[in-house]
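S.K.: I would like the atomic coordinates for the input below:
(chains A and B)
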Amino acid sequence: MWGKKQEQNRSERNISGCGSYQSPEVWAKVTGKAVYGIDLEFPGMLYGKILRSPHPHARIKGIDLSAARAIPGVRAVLSAQDVHCNPYGIVVDDEMPLAVDRVRYIGDEVAVVAAVDQKTAERAMAAIKVEYEPLPAVFNPVGALDEQAPQLHEDFPGNVAWERDLIRGDPDTAFREADLVVEDSFSMPSVHPAYLEPIACVAVSEYGNGVTLHTALQSPDLVRDIISRALNLSSSLVRVIGPVMGGGFGGRVFGNLKLYILSSLLSMHTGFPVKMQLTREEEFTVGRPMIAAEINLKMALRRDGTILARESEIITDNGAYSAQAPWVSKTFSERNDSVYRIPNIKTRARLAYTNKVPTAQYRAYGNQSANFACESLMDQAAKRLNMDPLELRLKNCTQAGDTTVHGLEIKSCALTKCLQRAASEIGWDQRKSGRGYGISSGIHANGSLVANKNFRGASARVTLELDGRVNVFTGEQDYGQGAHAAFACIAGRVLGLEPDQITVYSRDSLVTPFSQGALAMRQTTIGGRAVQVAAQELQKAIIQKASEISGEPVSLENGLLKNASGRLIELTEVATGYHHQTSGLNLVGEGKYVPPASDYDETSYGNISVAYSFAAHAAEVEIDKKTGAITVHRIVAVHDSGHIVNLLTSRGQVYGGVTQGLGMGCYEGYLFEGGRVANSSLADYRIPTALDVPAIDQVFIETEDPEGPFGSKGLGEIVMVPVLGAIGNAVADAAGVPVTALPLTAEKVYQAMSGGECSK
Amino acid sequence: MSYIIASDLNQALQILRDSKGQARVIAGATDLFLQTLPAELVDLAGLYETTQLEETGGLLSIGSAVTHASAARSLLIRSQAAALAEACAMIGSPQVRNIGTIGGNVANAAPAADAAVALVALGAKAVITDIAGQTRVEAVEELYAGYNRSTIDSSSEIIGRLLFKSCAAGEGSAFMRFAPRRALALPLVNAAARVRVSGRRIEAVRLVAAPVKPAPTRLFETEALLQEVIPGPEIWPKVEEAAAAEVEVRGSMLRCSEQYRRHLVGTLAGRVLKEAYQRACAAEGGET
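M.R.: Below is the predicted model of the structure:
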């Protein structure tokens, strides 16, 4: 637990003193000096623009590019006929760079233009003639699963993009024998991460084949592989270099693949660098927001509050192409099952293709939106059992040593303490009348085997430079979450150096080690552990080299090299000695972290991650009974992310994640008119402003996890998980009736209160 | 494109005359810059005549280029026209309030412009001068030609200032808005009221709500309920009901349903009237 006093103890304890370290990049950002994708300029650079489908579903009968090609200043105009590409995708290969004969949503890419400036590119776009034959379209995922519905993809009959029927244990018996069964339906709209910098990239074709793509990505190496597959290029000939990222929040794990592939094609076609960037409107209409979901949830309990079983029927909305929607649907459908001891599970989940914007993910991968539903049902059960919602949770919550219903092996877990602390901080026992209170629990995995069973870990390279400074090379990306600062703290702690003596470099796929990147909350736990191991390797190399130089045993403590006779040896002396001896090499530590072997079966039962972070959030809200308007007064966020590597950035993570959870909870959500996104601007898609953010109290309960560096676990996504449940339950408490559709707008609360069975 | 910063009102009118309909007046332009810009712009934001704020003989005169931020912090407006100060404090964001002007808020003719709603409740009139040198004075609510369309032709007419009687003893005003977030959001409903009392009896009342029609809309029937009344607790639910019943409103997917907006009109009407009434009573020196 971190109060002021503990913070002081911590800095005494940490030899590196990196309790609160801010990396230099942050100053570049706040002073406006950071260079983002949108700022990039190259000599001879062309501008690319995409012609998009105005129809939600149509056959392309003909495309005439001749008028566009004749415009002076236009360097290339391409349609599907002009390019030779492979189908690509993240989970399934259901996309082509340009629509071949059919468009499946408003915004589908039909043709692409490169010209000397934006205006000329726009004129060329306007000159392209496309003849469409509109087809019947389907927008509602439930309707899309109907037998009569228009079919979107030949390979996916019935518009089923992904489905899952799962039974663990014996749920039917559990429901039969239960003292209480609670049931409710919930819905969550699609949401966009709304990072500040719209996605931008510059593709530069290289002589002798290959392309260098300048764009900020959370997982540049995974994107490089997809691009090379789509373009039939050898993967080492595709290089991804990242400028500073203007926010990602999961939306830039894969970013906008279409944009990267099309700019690469244009650059290879013209021989010039080609810049493409999405407008804010395109971010909303053709970006990759997180799936919308509808869930019917049932829970069986004994009279004493013991949870016996949970059953869910889920339909998620895929949009026209799959992107990450199957994986997100899977996390949505199961992760919350592991936060409590639930022995029996029945899940039926279906992901439906619709003629709408394709979908992916947002920080916490669907775990956060499902938390809203699961935790609401917990409160509904507590009410029916006449039990304190906190007690019900404490009775059932997962403990260290558990193997959960889906096979997750919980090696460290302070959820009980998190719940108790969240309750005491919010004043659970002295709840004020006229206010509503809610509490919620969350779990989130640190890394996941699901993407690639055979690639579970990470590697890093740490070098001693001639000036005695240390460089860390990693494929793990910093996009504002503080990964670089964390790695500097970790390497510094191993080597006894201050974090500002360490430079972390992560942004060039040609130079930095391959990595899965900033996804699944794996950076600090998995990437950080690799940095720790690499730093230890460098430490060994330094000691060995120093011993050779001084001819006697040497120790390295607190950054000071000392030989047996007590003489201090400068790091620069060792670095230079080795450098001269080898005609230019640096001392290097290469480290890998390969997590303990684990697997999962065909039902996905197994320990899919190296570690699991836990959290409990509590919220205090007030509702204007006449209008339904919600004021969130306070959110307490208590986290078990193991040992906290860097307190300053950890606090920032909690603050940001809770704020985004508040956005999802009370403000945000896609609105569609037919297949058109109705709120495609930040004026109409409303994220919270600074004035809307309540007091956010942050508490860390430190556990020692056996896997992460110095016992630490991930924090970046779990911060957004329990906040939705906490706000939802606080609103239900204040309104006297649960509101089951996100976002919780004043109008919905008002309607629930006026139509609800009970009012307080 | 030419951008001229006029040095006084006469010069601004001369430029408009010379440009023969090509130039357009701007003052703040926080709305105009979102649209396609005309070829010539004449900026009034820095003129002495349009930035004055004064009270003479019980009449408040507010220059059309007074920014929302300066109106919101003006002691004169806060004490003599609280509804306007409250409205100006809630417009857009600090950046918008630092640049956007009261005259611009009126001339832009958005149906639920906060400052305009307060001005109509206060009974404000605009002093408009045209390029022929003619000056007319018109009630703010008369300046709307349709949704987002003003009767003022900004290529040949300039709002110089806005005039209304300051709230004297026994008078009070109030403004409220209901929006989906605390900044940078159009209101689902906004409302303003001005009330005059004598011995706690309501002698005069103006109640305005928006968006109801293209212009901020007086709710006459609801006002009538309160005329010559000493309001007790039983009156407010009736007031809310009357206000909700009196308006025709529209629902929209991006904002809210027609039914909810109607409910909000009633609730906000009741709240602004009550607040304005209490302020009027306090200004009379009595307890509320």
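S.K.: Around chain A, pick out the residues from the stretch 151-288 of chain B.
M.R.: B:178, B:180-185, B:253-254, B:256-257, B:260, B:263-264, B:267 (CB under 8 Å from any CB of the partner chain). Using the backbone N, CA and C atoms, a C-beta is placed for each residue, glycine as well.
S.K.: What's the PyMOL syntax to select whichever of those residues are buried?
M.R.: Those of those that count as buried under 16 or more other CB atoms under 10 Å in any protein chain shown are selected in PyMOL with:
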select buried, chain B and resi 178+180+183+184+185+256+257+260+263+264+267
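S.K.: And chain B, split by domain according to the record?
M.R.: B:47-165, B:173-284 (automatic domain parsing).
S.K.: coming back round to it: okay, and which of the residues of the stretch 151-288 of chain B next to chain A map to helices?
M.R.: Cross-referencing these against helices under DSSP state H gives B:Y260, B:H263, B:L264, B:T267.
S.K.: As a markdown table, these with pLDDT would be great.
M.R.: Formatted as a markdown table, these follow (pLDDT from 0 to 100):
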| residue | pLDDT |
| --- | --- |
| B:Y260 | 97 |
| B:H263 | 98 |
| B:L264 | 98 |
| B:T267 | 98 |
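S.K.: And the residue of the stretch 151-300 of chain A closest to chain B?
M.R.: A:P189 (12.2 Å; CB to the nearest CB).
S.K.: try chain A
M.R.: A:L691 (3.8 Å).
S.K.: Might you list the low-confidence residue ranges for the stretch 151-300 of chain A?
M.R.: Filtered on pLDDT under 70, the stretch 151-300 of chain A yields no residues whatsoever.
S.K.: for it, what spans make up the strands?
M.R.: A:160-168, A:180-188, A:200-205, A:211-214, A:238-241, A:274-277, A:292-301 (DSSP state E, counting those that start in this stretch).
S.K.: which of those strands sits most buried?
M.R.: Per residue and on average, the most neighbours among the strands of the stretch 151-300 of chain A fall to strand A:274-277, with a mean of 26 (mean count of other CB atoms under 10 Å in any protein chain shown).
S.K.: Who's the closest spatial neighbour of the residue of chain A most remote from its centre, skipping the chain neighbours?
M.R.: Farthest-out residue of chain A from its mean C-alpha position, per CA atoms, centre = their mean: A:S565, at 52.1 Å. Once flanking residues are discounted, A:S565 sits nearest to A:E552: 6.6 Å by CB to CB, 6 or more residues apart in numbering or on different chains.
S.K.: pretty sure that neighbour belongs to a strand, no?
M.R.: No. Looking at A:E552 with DSSP: H, G, I helix; E, B strand; the rest coil, it is coil, so not inside a strand.
S.K.: Can you give me every residue that contacts it?
M.R.: Contacts for A:E552 (CB atoms under 8 Å, 6 or more residues apart in numbering or on different chains) come out as A:N563, A:A564, A:S565.
S.K.: Show only the entries of these found in helices.
M.R.: Among these, no member lies in helices (by DSSP H).
S.K.: Which phi and psi values does whichever residue of chain B sits closest to chain A adopt?
M.R.: As assessed by CB to the nearest CB, chain A sits closest to B:R182 within chain B, at 3.8 Å. When quoted as degrees, to the nearest 10, the phi and psi of B:R182 stand at phi -80, psi -10.
S.K.: wait, what's in contact with it?
M.R.: Contacts of B:R182 (CB under 8 Å, 6+ apart): A:T689, A:L691, A:D692.
S.K.: And for B:V239?
M.R.: Contacts of B:V239 by CB under 8 Å, 6+ apart are B:T222, B:L225, B:L226, B:A269, B:G270, B:L273.
S.K.: I'd like to know which elements whichever strand or helix holds the fourth one is packed against.
M.R.: With secondary structure defined by DSSP states H and E, B:A269 is part of helix B:258-284. Contacts of helix B:258-284 with other secondary structure elements, assessed using 3 or more CB pairs under 8 Å, 6 or more residues apart in numbering or on different chains; DSSP states H and E, are made with helix A:746-755, helix B:82-90, strand B:171-178, strand B:189-198, strand B:201-210, helix B:220-226, helix B:235-246.
S.K.: Could you give me the buried positions within the fourth one?
M.R.: In other words, strand B:189-198. B:V189, B:N190, B:A191, B:A192, B:A193, B:R194, B:V195, B:R196, B:V197.
S.K.: Same check on the fifth one?
M.R.: Buried residues in strand B:201-210, defined by neighbour count with 16+ other CB under 10 Å: B:I202, B:A204, B:V205, B:R206, B:L207, B:V208, B:A209, B:A210.
S.K.: distance between that strand and the chain's centre?
M.R.: 15 Å (CA atoms, centre = their mean, to the nearest Å).
S.K.: Surely A:L571 touches A:V554?
M.R.: No. Between A:L571 and A:V554 there is no contact under CB atoms under 8 Å: 11.6 Å.
S.K.: Counting neighbours, go ahead and name the busier of these two.
M.R.: Neighbour count, other CB atoms under 10 Å in any protein chain shown: between A:L571 and A:V554, A:L571 has more, with 24 against 21.
S.K.: thinking again about what came up before, which one of the strands of the stretch 151-300 of chain A lies nearest to A:A364?
M.R.: Checking these against A:A364 by CB to CB gives strand A:180-188 as the closest, at 12.3 Å.
S.K.: Against which helices or strands is the closest one packed?
M.R.: Using 3+ CB pairs under 8 Å, 6+ apart, strand A:180-188 is in contact with strand A:292-301, helix A:367-385.
S.K.: and the longest one, average pLDDT?
M.R.: Translated: helix A:367-385. Predicted confidence along helix A:367-385 averages 98 (mean pLDDT).
S.K.: could you point out which element follows that helix?
M.R.: helix A:389-396.
S.K.: With the shortest one instead?
M.R.: Secondary structure here is assigned by DSSP H and E; on that basis, the next helix or strand after strand A:292-301 toward the C-terminus is strand A:307-319.
S.K.: Contacts made by the next helix or strand after that next one with the rest, please.
M.R.: Downstream of strand A:307-319, the first helix or strand assigned by DSSP H and E is helix A:325-334. Applying CB under 8 Å, 6+ apart, the contact partners of helix A:325-334 are A:90-92, A:161-162, A:164, A:166, A:290-291, A:293, A:312, A:314, A:316, A:318-319, A:345, A:347, A:349, A:351, A:358-361, A:365-367, A:369-370, A:406, A:450-451, A:604.
S.K.: wait, A:A422 sits on A:A619?
M.R.: No. At 9.5 Å, A:A422 and A:A619 do not qualify as touching, with contact defined as CB under 8 Å.
S.K.: overlap in contacts of the two?
M.R.: With CB under 8 Å, 6+ apart, A:A422 and A:A619 have common neighbours A:I439, A:V636.
S.K.: Between these two, point out the one with more neighbours.
M.R.: Between A:A422 and A:A619, counting by other CB under 10 Å, A:A619 is the more crowded of the two (34 against 30).
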